[in-house]
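S.K.: here's a sequence, model it:
(chains A, B, C and D)
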Protein chains: 2
Amino acid sequence: MPQRPTSRDVARLAGVSRTTVSLVLNNVPDVHISPETRQRVQEAARQLNYYPDAIARRLVSGRTRTIALVWHRGPDRTYRDAFLPGLLQGITRAARHYGYYVLFRPIEPDEPDDSYVELARGRHTDGLILSGPRSDASHLLQLYEDGFPITLHGQLPGTDIPSVDVDNVRGAAEAVNYLLTLGHRRIGMITNAPLEYTASRQRLDGYRQALEQAGLPYDESLVRYGNFDEESGQVAADDLLAQDERPTALFIASDMVAMGALRAIRLRGLQVPDDLCVVGFDDITAARFIVPALTTVRVPTFGLGWTAAELLIRIIEHDPPQQTKILLDTELVIRETCGAP
Amino acid sequence: MPQRPTSRDVARLAGVSRTTVSLVLNNVPDVHISPETRQRVQEAARQLNYYPDAIARRLVSGRTRTIALVWHRGPDRTYRDAFLPGLLQGITRAARHYGYYVLFRPIEPDEPDDSYVELARGRHTDGLILSGPRSDASHLLQLYEDGFPITLHGQLPGTDIPSVDVDNVRGAAEAVNYLLTLGHRRIGMITNAPLEYTASRQRLDGYRQALEQAGLPYDESLVRYGNFDEESGQVAADDLLAQDERPTALFIASDMVAMGALRAIRLRGLQVPDDLCVVGFDDITAARFIVPALTTVRVPTFGLGWTAAELLIRIIEHDPPQQTKILLDTELVIRETCGAP
DNA sequence: TAATGCTACTAACACGTGTTAGTAATACGT
DNA sequence: ACGTATTACTAACACGTGTTAGTAGCATTA
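M.R.: Numbering: from 1, shown residues only, chains lettered A, B, ... in the order given. Alright, predicted model coming up:
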């Protein structure tokens, strides 16, 4: 890059002081500058192709106008591929709307969990969205207590850190209700992950609630535990279908796990939806394309991103909403795995 | 945030000058500071929980240690979902390896094409990776000629801007060769997009080259044009299969387009792979899960990201490699749409 | 006519760091 | 004993901007 022009160069060319340049270019209100001078300054800036230095601006304002997305999702590829694009787009759109930039910072498996702290303490960013908070995050709490703006994507029980998440309980309940409406009474479930994960527990809770409300007993022999990936789904479904009295429908709290389950079903020679109905969760891209197309619960990834960013920015700008624990609704997408709509 | 400690505070607590603090904490070589003083400084920094201010540091060094990914892919959701996660991970990993941060900047449809220029001119970033360059990008050329570090993901014919892309010609040729090896002689093709798109033209070229090398004529009646999405694939395949003499195999230069084509095939009552073989391109997630699983050409998204970032950083650090037009190899992933391997 | 208010500007400081040039104090060589 | 080299530091500048306090010059008011 050739020598960048500074506001001093613009001032010199326009024959005014640097202060005047700043006042004109930033359109500072209630300040008296003659129209001729204004025009001279603007002309000079254009002529030199002047862009103010963001770094210097940040130093004096004390604000970076940047928010960071800390992606802390372990090695779970599925989650990354299915949710990151929408989330990121929601975040960047909200950020742009409010005049912020977005820094993307994944935490790799070989890094210490708290390596994002430097981002905050070192003033790289005005606030951060942490996707996938861990319960052992003492640095996170310290940061929060020090007043650093933070929003969680996901939930961290036992704290009052602002957070945005999907209403897993409701989403799961709605899926199971749909199966109940279709007349199913023996509904099996496969979780998306072990119950240590909050979302897992909540989706199971939704399943229980729906059954309970329909006056059906919770039967543990109908529940299996997935572990994010396809293989776990195949194993779980196979085990579930090995029983004498098979369920007539399956609620599987993760589409990726459902992919494995569907394979197990196919290998047993069973037909979906004739022999067995299936509802998934997440609405990954593949759900639309498999045959029969998977009925599932859509997660509003864009909305999660937008909401988390907006919440964060309002906190940064000292205009926090009353509600700082936000749950977004899912949407049941009816396709073919429960029969034609 | 309570008052952040500065290096002045550390200096005061340690009873030394600010200069000494800087020298010690940055481990400046060839400078004589007694071990006792060093320890006093380090102890003070720890005690105050001091993190140097990134902004001030950038101002004095003139470097942001940040690179930006400008995502300029139009409204093409497919591309975003299939490539962004891997690309971004490759970029951030390389960035971290070299000590850089990553800014993500999508260009939304309602924005002017050149809105990323401010990122460079305003010194928000040390360099940028532009994914999806447009041929009418005069600002881009200006930026490049001014010496601003830029790497393209994709290609811009007629310039010598450093770029990283997939070897579309080779990838397509390999796919078609595979079909030829299986004995197919009448091979249809559906492009991924109109031929204005460089990648589209290249994949078609690969198809032609493979045929030519096998001594087969290029028959235009076997070629149709997709347009990114599923629908375009369904229409194209349907049209292709309406002919008297059907092809025995289809090379479809986009998995998403292939999804539509497969539907058209199914609706015509044809069986894959018995009546018709299919090879796709991109290896999207769904390719693994449909039945039969789609044989396709995998794009090394992570490698593209890593390479683009590494190239960019070497340019930023004035250590450019000789080769600045890089083509990465694809990988043919053999699944079931051409029969069992 | 003096006091006040308004217009159209500018000088100087602050932000927090890295770095260059310099300075005492001590050690070393002859 | 004297000049030189080395050690262990520090004062001061620079990075480029936003902003506060201030200053001439002129118009208006009492």
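S.K.: tell me the secondary structure for A:L69?
M.R.: Secondary structure, DSSP: H, G, I helix; E, B strand; the rest coil: A:L69 is strand.
S.K.: look up how far DNA strand C lies from it.
M.R.: Distance from A:L69 to DNA strand C, counting by C-beta to the nearest atom of the strand, to the nearest Å: 25 Å. Glycine gets a C-beta too; all of them are placed from N, C-alpha and C.
S.K.: same for the lengthiest helix in chain A, what does it pack against?
M.R.: Of all the segments of type helix in chain A, defined by DSSP state H, the longest one is helix A:77-98. Packing partners of helix A:77-98 (3 or more C-beta pairs under 8 Å, 6 or more residues apart in numbering or on different chains; DSSP states H and E): strand A:66-71, strand A:101-106, helix A:255-267, helix A:301-316, helix B:77-98, strand B:101-106.
S.K.: report the angle between the axes of the fourth one and strand A:66-71?
M.R.: The one in question is helix A:301-316. 130 degrees (axes from the mean of the first three to the mean of the last three C-alpha atoms, to 10 degrees).
S.K.: what is the mean pLDDT for helix A:301-316?
M.R.: For helix A:301-316, the mean per-residue pLDDT is 98.
S.K.: and that helix, what does it pack against?
M.R.: Going by 3+ C-beta pairs under 8 Å, 6+ apart, helix A:301-316 lies up against strand A:66-71, helix A:77-98, strand A:127-131, strand A:150-153, strand A:163-166, strand A:325-328.
S.K.: return the set of residues that bridge with the residue in the stretch 151-300 of chain A that DNA strand C sits nearest to.
M.R.: In the stretch 151-300 of chain A, the residue that lies nearest DNA strand C is A:T151 (24.8 Å; C-beta to the nearest atom of the strand). When bridges are called by DSSP bridges, A:T151 pairs up with A:I129.
S.K.: isn't it right up against A:D126?
M.R.: No: with contacts counted by C-beta atoms under 8 Å, A:T151 stays clear of A:D126, the gap being 11.9 Å.
S.K.: and the two? Which one has more around it.
M.R.: Between A:T151 and A:D126, counted using other C-beta atoms under 10 Å in any protein chain shown, the more crowded position is A:T151 (26 against 23).
S.K.: quick check: residues of chain A near DNA strand C?
M.R.: Taking C-beta under 7 Å from any atom of the strand as the criterion, chain A approaches DNA strand C at residues A:16-20, A:23, A:31-34, A:36-37, A:56, A:59-60, A:62.
S.K.: which of the residues you listed fall in helices?
M.R.: Taking DSSP H, the ones among the residues of chain A next to DNA strand C that sit in helices are A:R18, A:T19, A:T20, A:L23, A:E36, A:T37, A:A56, A:L59, A:V60.
S.K.: taking these, tell me the two that lie furthest apart.
M.R.: The distance between the two most remote of those (C-beta to C-beta) is 32.1 Å, for A:E36 and A:L59.
S.K.: gap between the strand or helix carrying A:G171 and the chain center?
M.R.: Assignment of secondary structure by DSSP states H and E places A:G171 within helix A:168-181. Chain-centre distance of helix A:168-181: 22 Å, with C-alpha atoms, centre = their mean, to the nearest Å.
S.K.: pull out the buried residues from that helix.
M.R.: By neighbour count with 16 or more other C-beta atoms under 10 Å in any protein chain shown, helix A:168-181 contains the buried residues A:168-180.
S.K.: what is the nearest of those residues to DNA strand D?
M.R.: Of the buried residues of helix A:168-181, the one sitting nearest to DNA strand D (C-beta to the nearest atom of the strand) turns out to be A:N168, at 44.0 Å.
S.K.: quick check: closest non-adjacent residue to that closest one.
M.R.: Of all residues not flanking A:N168 in the chain, A:Q202 sits nearest, at 3.7 Å (C-beta to C-beta, 6 or more residues apart in numbering or on different chains).
S.K.: what do you get for A:R8?
M.R.: A:R8's closest residue in space is A:R18 (C-beta to C-beta, 6+ apart), at 5.6 Å.
S.K.: quick check: that neighbour touching A:A11?
M.R.: Yes: with contact defined as C-beta under 8 Å, A:R18 counts as touching A:A11 (4.5 Å).
S.K.: neighbour count for the two, which is higher?
M.R.: A:A11 (19 against 14).
S.K.: correct me, but the more buried one touches A:L23?
M.R.: No: with contact defined as C-beta under 8 Å, A:A11 does not count as touching A:L23 (11.1 Å).
S.K.: briefly note if stretch A:237-257 comes near chain B.
M.R.: No: judged by C-beta under 8 Å from any C-beta of the partner chain, stretch A:237-257 stays clear of chain B, getting no closer than 8.8 Å.
S.K.: can you give me the end-to-end span of that stretch?
M.R.: Using C-alpha to C-alpha, to the nearest Å, the end-to-end distance of stretch A:237-257 comes out at 9 Å.
S.K.: what comes up buried for that stretch?
M.R.: For stretch A:237-257, a neighbour-count test (16+ other C-beta under 10 Å) marks A:237-238, A:240-241, A:246-257 as buried.
S.K.: follow-up on the earlier one: list just the nearest of the buried residues of helix A:168-181 to chain B.
M.R.: Distance to chain B across the buried residues of helix A:168-181 (C-beta to the nearest C-beta) is lowest for A:A175, with 19.9 Å.
S.K.: and the pLDDT at the closest residue to that closest one other than its chain neighbours?
M.R.: The shortest distance from A:A175 to any residue other than its chain neighbours is 4.7 Å, reached at A:V279 (C-beta to C-beta, 6+ apart). As predicted, A:V279 sits at a pLDDT of 98.
S.K.: I'd like the distance between A:V279 and B:G127.
M.R.: The gap separating A:V279 from B:G127 is 47 Å, by C-beta to C-beta, to the nearest Å.
S.K.: neighbour count winner among those two?
M.R.: A:V279 (30 against 21).
S.K.: please report phi then psi for the more buried one.
M.R.: Backbone dihedrals for A:V279, given as degrees, to the nearest 10, come out at phi -120, psi 130.
S.K.: who touches it in this structure?
M.R.: Applying C-beta atoms under 8 Å, 6 or more residues apart in numbering or on different chains to A:V279 gives the contacts A:175-176, A:178-179, A:249-252, A:295-297, A:337-338.
S.K.: can I get the residues you listed in a markdown table including pLDDT?
M.R.: Listed next are the contacts of A:V279 as a markdown table, based on pLDDT from 0 to 100:
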| residue | pLDDT |
| --- | --- |
| A:A175 | 98 |
| A:V176 | 98 |
| A:Y178 | 98 |
| A:L179 | 98 |
| A:A249 | 98 |
| A:L250 | 98 |
| A:F251 | 98 |
| A:I252 | 98 |
| A:T295 | 98 |
| A:T296 | 98 |
| A:V297 | 98 |
| A:T337 | 97 |
| A:C338 | 96 |
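S.K.: can you redo these as a markdown table with distance to B:L87?
M.R.: As requested, those are arranged in a markdown table below (distance: C-beta to C-beta, whole Å):
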| residue | distance to B:L87 |
| --- | --- |
| A:A175 | 33 |
| A:V176 | 38 |
| A:Y178 | 37 |
| A:L179 | 39 |
| A:A249 | 39 |
| A:L250 | 35 |
| A:F251 | 34 |
| A:I252 | 30 |
| A:T295 | 31 |
| A:T296 | 26 |
| A:V297 | 28 |
| A:T337 | 32 |
| A:C338 | 36 |
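S.K.: closest to A:G158 among those?
M.R.: A:G158 lies nearest to A:V297 out of the contacts of A:V279, by C-beta to C-beta, at 26.7 Å.
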